[in-house]
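Undergrad: mind folding the following:
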Amino acid sequence: MKRRVIIILSLCALAIIAYFTASKWLIRHETLTFHDILRGDREVTVDIAVRRDREMEAMAGMIELPVVILSHGNTVKHTEYSFIANMFAARGYLVVSIQHDLGTDDPMVTQVGEEYVGRGPQYNRGIFNILFAIDEMKKFYPNADYRKLTLVGHSNGGDISMYFAKRHPELVKKVVTLDNLRVPFMTDGKIKILSFRSKDPVFKPDPGVIPDDEVRKKAGITVVNTEFRHNDLSDRGPDQVKATVLEKLLKFLDSRPGADKQPQTGRPIRIDYGLFAAVAQVPESRSVRAAGRALESPPVPAANVLSAAGGNISAPAVLARPVPGQSISRACPRSFLRCRRRPADEPRASPNLPVARAASDCGSGFRRACARIP
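TA: As a prediction, the model looks like this:
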């Protein structure tokens, strides 16, 4: 009996280790710091969360990543919403968590009687931060949809998200707020809205922020009333809070079938990254057909891809096929990441060429993939 218990516990431990190892490989986080010269070289730091396979597909021009902009609450850091960022990243989103407040900023004060209790300057600064971060992110992820944003924000970040949606509705598809208190919801029904409300005596929404039941029903606004405290709606909260938020959030995203899925065109290509497999719909273009032919053969194991990329998964070596006896790092060396468009009249690769230039316009040197032409 004791031996059986030990075996079961060992298996559970292995399962947990495997889970966290797979999760760490599946989702990539990166911190980027930009400087806005138009605002006195203001520092804008963002944390990126993206699923590695979707990132590689976007770099290869196969898909366009949907984008989430995540805004933190007052006194909470932009990195303290990892449970939400990882969920969206696992769903195939590019998640950009922005640090809005700096230590050199004036303290946020409450001025009763003024619009948004005097926090308009912070909301406008948040809008500038989001627009600036989007412009910078386009340089790193050009194949992402910055015209249909999903805005997620906690407390003051929820107000920034709602304020941004009011000012730039043409750029917003969904808004998710975690107990925002100042900016009233949009009620025209053009943007899907989900809001979690805390039961915290210290944090009460201003009058008019949350519309009544009839208006919410007409506008398609979903309000989730919880028993949680205001500051629990972040990584600081207990697991029960996180589980509830994620459950409701997933239902919200799935409320319209295919609402958060990529448009599927062309023919399916199976891509195996060792830990999991994905099926991508590849457009029928000359350059991508070459990549498709390379992918239809047995896939390169994930370990080889990581090795070829030197630990940096952003290197799109996964689309390269090594010739017999040749390592994948030789088949798609880092110098080949600066590939260029193969003219239509260019002959097929000779056996002496390790990799043919099969992907279109690599941009800054790593945004498209090199694929071997058989």
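Undergrad: from Asp106, how far off is Arg253?
TA: Quick fix: residue 253 reads Leu, not Arg. 37 Å (CB to CB, to the nearest Å). To be clear about C-beta, it is placed using only N, CA and C from the backbone, and glycine gets the same treatment.
Undergrad: kindly report the same for Ile191.
TA: From Ile191 to Asp106 the distance is 31 Å (CB to CB).
Undergrad: neighbour-wise, which of these two wins?
TA: Neighbour count, other CB atoms under 10 Å: between Ile191 and Asp106, Ile191 has more, with 21 against 7.
Undergrad: touching, that one and Lys166? I think so.
TA: No - the criterion here is CB atoms under 8 Å, and Ile191 misses it with Lys166 at 9.5 Å.
Undergrad: do you know how far the closest residue to Phe128 other than its chain neighbours is from Gln122?
TA: Here the nearest residue to Phe128 in space, its sequence neighbours aside, is Arg39; by CB to CB, 6 or more residues apart in numbering that works out to 6.7 Å. Arg39 sits 14 Å away from Gln122, taking CB to CB as the criterion.
Undergrad: comparing those two, which residue is more hemmed in?
TA: Gln122 (21 against 13).
Undergrad: domain parsing for the protein?
TA: 27-253, 264-374 (automatic domain parsing).
Undergrad: weakest of those by average pLDDT?
TA: The stretch with the lowest mean pLDDT among the domains of the chain is domain 264-374, at a mean of 34.
Undergrad: run through the helices of the chain in chain order.
TA: 2-26, 52-59, 82-90, 120-140, 156-167, 213-219, 239-253, 286-296, 302-308, 328-331 (DSSP state H).
Undergrad: list the helices and strands the fourth one packs on?
TA: The one in question is helix 120-140. strand 27-36, strand 42-51, strand 65-71, strand 94-98, strand 144-154, helix 156-167 (3 or more CB pairs under 8 Å, 6 or more residues apart in numbering; DSSP states H and E).
Undergrad: give me that answer again for 6 Å
TA: The helices and strands touching helix 120-140, judged by 3 or more CB pairs under 6 Å, 6 or more residues apart in numbering; DSSP states H and E, are strand 42-51, helix 156-167.
Undergrad: tell me what angle the shortest one forms with strand 27-36.
TA: Meaning strand 42-51. With axes from the mean of the first three to the mean of the last three CA atoms, to 10 degrees applied, the angle from strand 42-51 to strand 27-36 works out at 160 degrees.
Undergrad: the longest one too?
TA: Counting by the same axes, to 10 degrees, helix 156-167 points 70 degrees away from the direction of strand 27-36.
Undergrad: between helix 156-167 and strand 94-98, how many degrees?
TA: Going by the same axes, to 10 degrees, helix 156-167 makes 110 degrees with strand 94-98.
Undergrad: on that earlier part again, any idea which of the helices and strands packed on helix 120-140 is most buried?
TA: helix 156-167 (a mean of 25; mean count of other CB atoms under 10 Å).
Undergrad: now stretch 29-44 - C-alpha only, PDB.
TA: The C-alpha atoms that make up stretch 29-44 are tabulated as PDB, following Å, rounded to 0.1, in the frame of the first residue of the first chain:
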ATOM      1  CA  HIS A  29       7.500  36.200 -22.200                       C
ATOM      2  CA  GLU A  30       9.800  39.100 -23.000                       C
ATOM      3  CA  THR A  31      10.200  42.600 -21.600                       C
ATOM      4  CA  LEU A  32      10.700  45.500 -24.000                       C
ATOM      5  CA  THR A  33      11.400  49.100 -23.100                       C
ATOM      6  CA  PHE A  34      10.700  52.000 -25.500                       C
ATOM      7  CA  HIS A  35      11.300  55.700 -25.200                       C
ATOM      8  CA  ASP A  36       8.800  58.200 -26.500                       C
ATOM      9  CA  ILE A  37      10.800  61.200 -27.800                       C
ATOM     10  CA  LEU A  38       7.700  63.200 -28.300                       C
ATOM     11  CA  ARG A  39       7.000  63.100 -24.500                       C
ATOM     12  CA  GLY A  40      10.500  64.000 -23.200                       C
ATOM     13  CA  ASP A  41      11.900  60.500 -23.900                       C
ATOM     14  CA  ARG A  42       9.300  59.000 -21.500                       C
ATOM     15  CA  GLU A  43      10.000  55.300 -20.800                       C
ATOM     16  CA  VAL A  44       7.300  52.900 -21.700                       C
END
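Undergrad: show residues contacting it.
TA: Thr45, Val46, Asp47, Ile48, Ala49, Asn129, Phe132, Ala133, Glu136 (CB atoms under 6 Å, 6 or more residues apart in numbering).
Undergrad: make TSV from those residues and add distance to Leu94 to it.
TA: Shown next, in TSV, are those (distance: CB to CB, whole Å):
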residue	distance to Leu94
Thr45	17
Val46	11
Asp47	12
Ile48	7
Ala49	8
Asn129	17
Phe132	17
Ala133	12
Glu136	13
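Undergrad: closest to Pro207 among the residues you listed?
TA: Asn129 (28.1 Å; CB to CB).
Undergrad: neighbours around Val202, how many?
TA: Residues near Val202, counting by other CB under 10 Å: 8.
Undergrad: do the same with the one 3 residues further on
TA: Pro205 has 16 neighbouring residues, counting by other CB under 10 Å.
Undergrad: with His154 instead?
TA: So His154, with other CB under 10 Å, has 28 neighbours.
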